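Chemist: I'd like to go over a predicted model; first the sequence, then the structure.
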Amino acid sequence: MADIPIWPGSGSAISGSTPFGQYDTDSSFQSDGPNLANWCAKRLGYPITDVELQDSQFYACFEESVSEYSAQVNQFQIRENLLNVKGAPTGSDMTNVEINPNPLARAITIAENYGSEAGSGGNVTWHSGSIDVVADQQDYDLDALWATPSASGAAIEIKRIFHEAPPAIQRYFDPFVGTGMGMNSMIDSFGWGNYSPGVSFMLMPIYADILRLQAIEFSDQIRKSSYSFELINNKLRIFPIPTDSGNGVNPTKINFQYIEKADRNAVVTNNIGTVTNYSNIPYNNFTYSYINDVGKQWIRKYALALSRELLGFVRSKYSSVPVPGSEVTLNGGELVSQAQQEKEELVTQLRENLEQSSRRLQLEAQREENENMLSVLSGAPLKIYIG
């Protein structure tokens with residue numbers, strides 16, 4: 001061990017001495033590197049005892065500490081913002097970007113799926129189709145008649161069938177023109193017959209029109225074979241049984257709307273270049289110069305713990321060193337155990353601090369503050385105004 005150069009008491013330039021060189025161009029990192037190495041060495045016992053490390057090893061611990069701090073904070077940021085940045089381009093660095101979440105964005109995305117099923121919007125295209133009606137044929141297989149011969153050949157799901165009775169309004173005499181309801185004599189009895197046209201002054205309430213339309217529709221349902229259909233697994237049965245196929249030029253048709261199941265059930269999309277999951281959200285290591293003093297102090301302590309662990313590994317190579325007349329027992333195992341505990345405590349403390357600053361807890365704290373403020377104001381006397 002005597003032939004291995006150890007900590008000389010001063011550090012060389014940090015640029016080019018770190019394993020990855022991630023922060024070597026940062027002026028603050030370059031100036032803090034030798035100071036941190038000197039501080040760690042003194043905290044490990046130098047110059048009272050030798051520290052069997054080199055300055056490049058202190059710099060490696062320094063670089064790892066900054067990267068670990070960046071990783072811990074970025075992991076928290078990814079959990080907080082993943083839902084809000086999905087679909088964003090991966091080429092843009094989000095490390096120093098303030099993300100303002102839109103609480104409606106995710107709700108709208110979820111609502112689009114329901115809208116697709118309800119036919120009121122959504123992100124699944126509805127297609128139109130039609131089949132020819134054959135006289136005396138009641139059942140039609142839409143898969144065989146439409147899906148299989150289609151260009152895509154994709155499985156379909158019928159969403160709407162346009163097979164309805166003629167609207168009742170076609171058989172409803174307009175009350176405003178006075179026909180069909182015997183209104184002319186009533187208008188004359190009110191003295192409006194001298195006006196031209198007198199029937200224009202006969203107004204009926206809207207509910208009367210609706211009741212008459214319903215009466216016509218109920219009559220068709222009860223007294224006649226009403227227009228209806230049954231759809232099971234894209235097998236269509238229509239009522240009543242058709243009696244006419246139309247002429248050869250203009251055949252009778254039934255129109256419908258459908259979706260291709262692949263559009264709704266698609267779970268794999270080729271979104272190269274966009275944020276899709278935890279692994280490709282563009283959070284990078286922090287710029288050391290931008291880290292505040294609170295963060296830098298955490299980095300120093302973590303670098304000291306790494307240095308202590310590394311020194312323990314070095315000293316653990318030899319459990320004891322012979323000296324004239326005796327031997328010296330080294331404390332490698334104790335240093336490793338102590339360093340690992342320090343690292344765990346530092347990471348736990350940082351994660352707890354980050355969790356306390358989460359969006360959810362901040363909103364809860366704001367709510368509690370507002371409730372406490374209202375409680376305080378409730379005890380304040382109210383002014384009495386005398387007018």
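Modeler: Here it is on my side, so go on.
Chemist: all helices of the protein, in order?
Modeler: Applying DSSP state H to the chain gives helices spanning 27-43, 55-85, 103-118, 142, 184-189, 206-223, 261-265, 293-315, 332-356, 359-378.
Chemist: contact partners of the shortest one?
Modeler: In this structure, residues lying in contact with helix 142 by CB atoms under 8 Å, 6 or more residues apart in numbering are 129, 131, 156, 158, 234-236, 256, 258. To be clear about C-beta, it is placed using only N, CA and C from the backbone, and glycine gets the same treatment.
Chemist: buried sites along stretch 352-372?
Modeler: residue 354 (16 or more other CB atoms under 10 Å).
Chemist: right, I mislabeled it, should have said stretch 109-123
Modeler: Residues 116, 122 are the ones in stretch 109-123 that count as buried (16+ other CB under 10 Å).
Chemist: just stretch 64-80 next, same as before
Modeler: Under 16+ other CB under 10 Å, the buried positions of stretch 64-80 are 64-70, 72-74, 76-78, 80.
Chemist: which one of these sits closest to residue 48?
Modeler: Using CB to CB, residue 65 is the member of the buried residues of stretch 64-80 that lies nearest residue 48, at 24.8 Å.
Chemist: contacts only, for that closest one.
Modeler: 299-300, 302-303, 306.
Chemist: emit the ChimeraX select command for whichever of those are buried.
Modeler: To isolate the buried ones among the contacts of residue 65 in ChimeraX, judged by 16+ other CB under 10 Å, type:
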select :299,300,302,303,306
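Chemist: which among the contacts of residue 65 gets closest to residue 19?
Modeler: Closest to residue 19, out of all of those and judged by CB to CB, is residue 306, at 12.5 Å.
Chemist: residue contacts, the closest one?
Modeler: Neighbouring residues of residue 306 by CB under 8 Å, 6+ apart: 61, 64-65, 339, 343.
Chemist: if we go to 7 Å?
Modeler: By CB atoms under 7 Å, 6 or more residues apart in numbering, the residues touching residue 306 are 61, 64-65.
Chemist: which non-adjacent residue is nearest residue 243?
Modeler: residue 135 (5.9 Å; CB to CB, 6 or more residues apart in numbering).
Chemist: what of residue 56?
Modeler: residue 17 (4.6 Å).
Chemist: the one you found against residue 54, yeah?
Modeler: No - Residue 17 is not in contact with residue 54 according to CB atoms under 7 Å; the separation is 9.2 Å.
Chemist: same drill for those two, tell me which one is more crowded.
Modeler: residue 17 (21 against 18; other CB atoms under 10 Å).
Chemist: so what's that one up against?
Modeler: Residue 17 is in contact with 55-56, 59, counting by CB under 7 Å, 6+ apart.
Chemist: next: residue 288.
Modeler: Contact analysis of residue 288 by CB under 7 Å, 6+ apart lists 23, 26, 28-29, 66.
Chemist: mind giving me the ChimeraX command for buried ones among the residues you listed?
Modeler: Buried subset of the contacts of residue 288, written as a ChimeraX selection, criterion 16+ other CB under 10 Å:
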select :23,26,29,66
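Chemist: the contacts of residue 288: which two are farthest apart?
Modeler: So, those by CB to CB: farthest apart are 28 and 66, at 10.6 Å.
Chemist: against residue 368, how distant is residue 31?
Modeler: As judged by CB to CB, to the nearest Å, residue 31 and residue 368 stand 43 Å apart.
Chemist: could you measure from residue 24 over to residue 38?
Modeler: Between residue 24 and residue 38 the distance is 19 Å, computed by CB to CB.
Chemist: try residue 342
Modeler: 19 Å.
Chemist: ok so, going back, any chance of the helices of the chain in a markdown table, with mean pLDDT and distance to residue 94 too?
Modeler: Converted to a markdown table, the helices of the chain look like this (pLDDT from 0 to 100; distance: least, CB to CB, whole Å):
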| stretch | mean pLDDT | distance to residue 94 |
| --- | --- | --- |
| helix 27-43 | 93 | 22 |
| helix 55-85 | 92 | 7 |
| helix 103-118 | 76 | 16 |
| helix 142 | 90 | 48 |
| helix 184-189 | 54 | 75 |
| helix 206-223 | 85 | 57 |
| helix 261-265 | 79 | 31 |
| helix 293-315 | 95 | 18 |
| helix 332-356 | 94 | 17 |
| helix 359-378 | 89 | 16 |
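Chemist: in a markdown table, list these along with distance to residue 283.
Modeler: Formatted as a markdown table, these follow (distance: least, CB to CB, whole Å):
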| stretch | distance to residue 283 |
| --- | --- |
| helix 27-43 | 19 |
| helix 55-85 | 4 |
| helix 103-118 | 20 |
| helix 142 | 50 |
| helix 184-189 | 79 |
| helix 206-223 | 60 |
| helix 261-265 | 32 |
| helix 293-315 | 15 |
| helix 332-356 | 14 |
| helix 359-378 | 16 |
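Chemist: among these, which is nearest residue 230?
Modeler: Of all the helices of the chain, helix 142 sits nearest to residue 230, with 12.5 Å by CB to CB.
Chemist: check the offset of that closest one from the chain's centre.
Modeler: Mean-position distance between helix 142 and its chain equals 37 Å (CA atoms, centre = their mean, to the nearest Å).
Chemist: nearest to residue 249, of the buried residues of stretch 64-80?
Modeler: Using CB to CB, residue 78 comes nearest to residue 249 of the buried residues of stretch 64-80, at 64.2 Å.
Chemist: quick check, that closest one in contact with residue 280.
Modeler: No - when contacts are counted by CB under 7 Å, residue 78 is not listed as touching residue 280 (10.4 Å).
Chemist: quick one: low-confidence parts of the stretch 151-300 of the chain?
Modeler: For the stretch 151-300 of the chain, the stretches with pLDDT under 70 are 151-153, 172-203, 248, 266-271.
Chemist: for residue 252, which of the helices of the chain is the nearest?
Modeler: Using CB to CB, the helices of the chain put helix 142 closest to residue 252, at 16.3 Å.
Chemist: next, the residue nearest to residue 243: phi, psi?
Modeler: Residue 135 adopts backbone torsions of phi -60, psi 140, taken as degrees, to the nearest 10.
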